[in-house]
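# Give me a model of this one.
(one chain, ligands or ions: 2)
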Amino acid sequence: QTEILKIDDIKSDYEYIKKAADIIRKNELVAIPTETVYGLGANGLSKEACKKIFEVKGRPQDNPLILHISEIEEIKNLILELPVDVKTLLENLWPGPLTVIFNKSDIVPSVVTAGGNTVAIRMPSHNIAREIIKKSGVPIAAPSANISGRPSPTTANDVYEDLKGKIPLIIDGGQSSIGIESTVLDVTEKPYTILRPGFYDKEDLEEYLNKVVYDNALISDNIIPKSPGQKYKHYAPKANMEVIIGDNNSIKEYIRNYSKDTNKKTAYILFEENKNILQKDDIFLSLGSKNKLNEMAHNLFRNLRLADKLKVDYIICEGIEEKGIGIGIMNRLKKSSSHNIRRV
Ligand code: TXA
Ligand code: MG
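Numbers count the residues shown, from 1 in each chain. Ligands and ions are numbered 1, 2, ... in the order given. Now for the predicted structure:
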């Protein structure tokens, strides 16, 4: 049986924090809210606990986990060295949607790192997540709390859909504010390399670091990514999906022609600016305003899961230029659509 406990206020609901921490300490799994997406948490120092994550998610064994901490100091036991420029970066951007890859210390079990010598670490800004980590007294290993391949969960309900009956507890902390996963930065070699784009882009990190590059695999489709998670089919809704990019007029023109001809039950995931092209029976799922890409990130996975619930045959989703958070968003959309991207 999977219990869902909602925390509105950490102080008055502290019993639930304790309950979550107890389960972590018993080497069982708890789904926890973070500002990016919900995580499937386990004691990050226990091989036995982390193995359960892979079983429950159906996650490939060679895909390593992120360790979540509640204070910067906790990093010291987990890594070999903290370069000064990276320390400055962390002091500025942690807690938040940034994961950093370091050379690991001996106490990090190899199941966490998929056998490798490097470990991914993140300090989330979600208060509930940090409080559970603190109370557990161990780093919490947590991938996104979805069945592997599915869109990442941004609400407790999304987690329940995928993992009901498989884990004892889901902590409900509301809808994830950011909505896409953290930016992953490898600092074990120079130049420092972004392995997964997210809320922070290269320029954001270069405020604190001399030079940052994107992993070539993010730019070319023919190169094997350094981050194992980047190579798998991902974020995929059940229906086939296409992503269309263009100005408002060409988007409208395209949708008008498509909807005239189709008899497929279609979900239209569009910006507010373009919804007036749809008929009243059409299924419209909003990406918010085109001027507020944070809203697009916030609503993206949510809408893919909604389309599944509505049992549509096809999904048309608007895409955007690959700038800023748009790089992270398009990275997810390319995968959800199996690279079915069309400029209109
Ligand atoms: O926002 C997030 O990062 C969320 C929340 C729950 O914190 N977590 C998350 O975890 O997205 P997951 O497991 O779904 O994605 C972790 C990514 C994967 O692409 C994985 O391959 C990469 O980080 N990764 C983890 N450890 C790594 C390592 N040592 N070297 C290279 N890539 C690593
Ligand atoms: Mg994931």
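# Low-confidence stretches in the stretch 151-300 of the chain?
Within the stretch 151-300 of the chain, the stretches falling below the threshold (pLDDT under 70) are 220-225, 227-233.
# Run through the helices of it in chain order.
Along the stretch 151-300 of the chain, the stretches classed as helices by DSSP state H, counting those that start in this stretch are 156-163, 202-206, 216-219, 248-261, 293-309.
# Can you redo those as CSV, where the extra columns are distance to ligand 1 and mean neighbour count?
For glycine as for every other residue, the C-beta is placed from the backbone atoms N, C-alpha and C. Compiled in CSV, these are given as follows (distance: least, Cβ to the nearest ligand atom, whole Å; neighbours: other Cβ atoms under 10 Å):
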stretch, distance to ligand 1, mean neighbour count
helix 156-163, 11, 21
helix 202-206, 15, 16
helix 216-219, 11, 15
helix 248-261, 30, 14
helix 293-309, 11, 21
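# Distance across stretch 163-176, terminal residue to terminal residue?
The first and final residues of stretch 163-176 sit 18 Å from each other (Cα to Cα, to the nearest Å).
# Over to stretch 95-110?
The first-to-last residue distance of stretch 95-110 comes to 25 Å (Cα to Cα).
# how about that stretch, does it get close to ligand 1?
Yes: Stretch 95-110 lies in contact with ligand 1 when judged by Cβ under 6 Å from any ligand atom; the contacting residues are 97, 99, 101.
# three-state assignment of the last one?
Following DSSP: H, G, I helix; E, B strand; the rest coil, residue 101 is assigned to strand.
# Neighbours of the closest residue to it other than its chain neighbours, how many?
For residue 101, ignoring the flanking residues on the chain, the nearest one in space by Cβ to Cβ, 6 or more residues apart in numbering is residue 186 at 4.2 Å. Residue 186: 21 surrounding residues under other Cβ atoms under 10 Å.
# And for residue 26?
Residue 26 is surrounded by 11 other residues when neighbours are defined as other Cβ under 10 Å.
# ditto for the one 5 residues further on
Residue 31 is surrounded by 30 other residues when neighbours are defined as other Cβ under 10 Å.
# That one: which element?
Following DSSP states H and E, the helix or strand that holds residue 31 is strand 30-32.
# next one: that strand to chain centre, how far?
The chain centroid and the centroid of strand 30-32 are separated by 14 Å, computed with Cα atoms, centre = their mean, to the nearest Å.
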